[in-house]
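1. Model the structure of this input:
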Amino acid sequence: MALLLREAIGDSLRRTRVSQSRTLREVSNSARVSLGYLSEVERGRKEASSELLAAICDALAVPLSDVLVDVSETLATKKSAPVASRQVTEPAVSASGSPTIARDTRVVIPAPNARRLAAA
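-> Alright, predicted model coming up:
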């Protein structure tokens, strides 16, 4: 079964909150969202609006962009095979001798860290 976006967002928010040793009650009070609703968001049972996500991220003092990058990386790793288990093969070569790229090859360029952009 595929991981849903709301579940990945909830997991990321919960990991962030727990890493800060904060309770649901502390974050819900700071974000001005009910304790029950925040719990449902963290468990991936409720879809959070962009306004609610921004409020939760503000309460956690973490940029929303960092949460979205974390969610993106989580979804990418759940969707594809782990990097360590992928076979490394020689690049294919066309009849003209130039390298070719397989159709299923994906290039992932991580989003820049918001803090680094602000410092630049």
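
2. ranges for the strands of the protein?
-> Taking DSSP state E as the criterion, the chain carries no strands.

3. show me where pLDDT drops low in it?
-> Applying pLDDT under 70 to the chain flags residues 1, 79-120.

4. which residue ranges form the helices in the protein?
-> 5-19, 24-31, 35-42, 50-60, 64-79, 114-119 (DSSP state H).

5. which residues does the nearest residue to residue 70 once chain neighbours are set aside contact?
-> Leaving aside its chain neighbours, residue 70 sits nearest to residue 12 (4.5 Å; criterion: CB to CB, 6 or more residues apart in numbering). Glycine gets a C-beta too; all of them are placed from N, C-alpha and C. Taking CB atoms under 8 Å, 6 or more residues apart in numbering as the criterion, residue 12 is in contact with 67, 70-71, 74.

6. Find the residue closest to residue 74 in space, skipping its chain neighbours.
-> Using CB to CB, 6+ apart, the nearest residue to residue 74 is residue 8, at 4.9 Å.

7. Residues in contact with stretch 31-42: which ones?
-> 6, 9-11, 13-14, 17, 24-25, 27-28, 46, 48, 52, 55-56, 58-59.

8. ok, now with 7 Å
-> Applying CB atoms under 7 Å, 6 or more residues apart in numbering, the contact partners of stretch 31-42 are 10, 13-14, 24-25, 27-28, 46, 48, 52, 55-56, 58-59.

9. Pull out the buried positions in that stretch.
-> Under the neighbour-count criterion of 16 or more other CB atoms under 10 Å, stretch 31-42 has 31, 33, 38, 40-42 buried.

10. swap in stretch 56-69?
-> Across stretch 56-69, burial judged by 16+ other CB under 10 Å covers 56-57, 59-60, 62-64, 66-69.
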